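Visitor: Got a predicted structure here, sequence first:
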Amino acid sequence: MRARDLGLDLAGTPGPLNGITDVPGLTVGTVTRIEDTDDAAVAARTGVTAILPLGRDGVGSSVPAAVHSLNGNGELTGSHWIRDSGSFAGPVMLTNTHAVGTVHRGVVDWTATHRPDLAAEWLLPVVGETWDGYLNSINQPFVTTDDAGAAIDAASSSAVPEGSAGGGTGMNLYGFKGGNGTSSRQVSIGGATYTVGVFLQANFGDRSELMIQGVPLGDLDVPYPMGDLSWFAEDRRVPGGSGSCIAVVATDAPLIPTQCEALAKRVSLGLARTGTTGGHFSGDIFLAFSTGNAGALDNGFSATPAAEATLDSLQMVPWSFMDLLYTATVQATEEAVLNALFANRDMTGRAGHFSPALPHELALERLAARGRISELA
């Protein structure tokens, strides 16, 4: 069940799937690793997510893009080149913190096999991460290079698996089971309807911070195993709110890189609506891109002499109408967090570590009492 399915009155007009794959041409694929071993202390609760801005056939064609770091205690490879060139030309991959290198290599392998023309130049794969070491044996090589390629090959334009799937499999959110969440909004500008889609790998927030539509829910009478510090180490505390959030904002509205950066910044406001203050031990890194100017910022080796070069051009939404896209980004981000919470189940991982899902009934009773839903679903 997703937030809207449960009766929450959320602002804005979503696309048909209410997810990032509402952006035309964009596809998402996941590989999920849920495995137990003979050693109860060692278990896989992890995976890989691939987001292809222009689908598999569009790999190699650039999209205008920008990155915003709310808190840099995390990783998004390729971000330096995105900042310099204002674009990237491959998939966006999400996984756990200690599998970044593996997935990075997997993208290189996949590209060398399927697009040797691109691999003959240079590749700067975009790989983001959040930490799943509470539920997942994060130092074990459960994620493989083949998993990265399989996630790319599995990518489709259908509804995105939410909750515990792909790179979000082992994540926690406000002390409840977290992971994948997505949502979209449609806006009309200049006689055209554009989509803004947001995807989160959500692994952030202290239990005490959680709010839904302004209603505090951090005091629900639900076990909070992560709050028991004995699971980590006797001599170190795990601060509340540790984790991370990687956000991907996609739109088919034609934007230039600085406008993409403006959208990426608005993710912070959507997250804040759910209570987080952005903890020091949470790497909150946001990527935004536009498919509306695909190919205009390509920057591979040229086969054309400088004397024969032609100028490229970009279209852009007038700055005076960007507020519509800002609002869409904030609304979709907030709803993506809620979907990551509601579209989830309890999970037990390594060493018996337990992460409870947000209890629908208790949450809905609290929200109904405050008039945030019309009736209990």
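Guide: Perfect, I can see it now. Residues are numbered from 1 along each chain as shown.

Visitor: Can you show me the helices along this protein?
Guide: In the chain, the segments counted as helices under DSSP state H are 79-85, 100-114, 116-119, 145-154, 257-272, 322-342, 360-369.

Visitor: most packed of those helices?
Guide: Ranked by average neighbour count under the criterion mean count of other Cβ atoms under 10 Å, those are headed by helix 322-342 at a mean of 25. In this view, the C-beta of every residue, glycine as well, is placed from N, C-alpha and C.

Visitor: Does anything pack onto that helix? Which helices or strands?
Guide: Here helix 322-342 touches strand 172-173, strand 179-189, strand 192-205, strand 241-251, helix 257-272, going by 3 or more Cβ pairs under 8 Å, 6 or more residues apart in numbering; DSSP states H and E.

Visitor: Dump the ones you listed to TSV, plus mean pLDDT and distance to residue 104.
Guide: Output for those, formatted as TSV (pLDDT from 0 to 100; distance: least, Cβ to Cβ, whole Å):
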stretch	mean pLDDT	distance to residue 104
strand 172-173	97	25
strand 179-189	98	20
strand 192-205	98	16
strand 241-251	95	15
helix 257-272	98	21
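
Visitor: of all these, which lies closest to residue 112?
Guide: Closest to residue 112 of these is strand 241-251 (Cβ to Cβ; 24.5 Å).

Visitor: returning to that earlier point: would you mind giving the helices of the chain as a markdown table with distance to residue 217 added?
Guide: Putting the helices of the chain into a markdown table (distance: least, Cβ to Cβ, whole Å) gives the following:
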| stretch | distance to residue 217 |
| --- | --- |
| helix 79-85 | 33 |
| helix 100-114 | 32 |
| helix 116-119 | 47 |
| helix 145-154 | 33 |
| helix 257-272 | 15 |
| helix 322-342 | 9 |
| helix 360-369 | 6 |
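
Visitor: Touching, residue 359 and residue 177? I think so.
Guide: No: using Cβ atoms under 8 Å, residue 359 is not in contact with residue 177; the gap is 10.9 Å.

Visitor: Settle it for me: which of the two has more neighbours?
Guide: Using other Cβ atoms under 10 Å as the criterion, residue 359 and residue 177 rank with residue 177 on top: 25 against 15.

Visitor: Report the contact partners of that one.
Guide: Contacts for residue 177 (Cβ atoms under 8 Å, 6 or more residues apart in numbering) come out as 163, 164, 171, 341, 344, 345, 346, 347, 355, 356, 357, 358.

Visitor: which residues of the stretch 251-377 of the chain score low on pLDDT?
Guide: Along the stretch 251-377 of the chain, segments meeting pLDDT under 70 span 374-377.

Visitor: With adjacent residues omitted, what lies nearest to residue 168?
Guide: Spatial nearest neighbour of residue 168, excluding adjacent residues (Cβ to Cβ, 6 or more residues apart in numbering): residue 179 at 2.9 Å.
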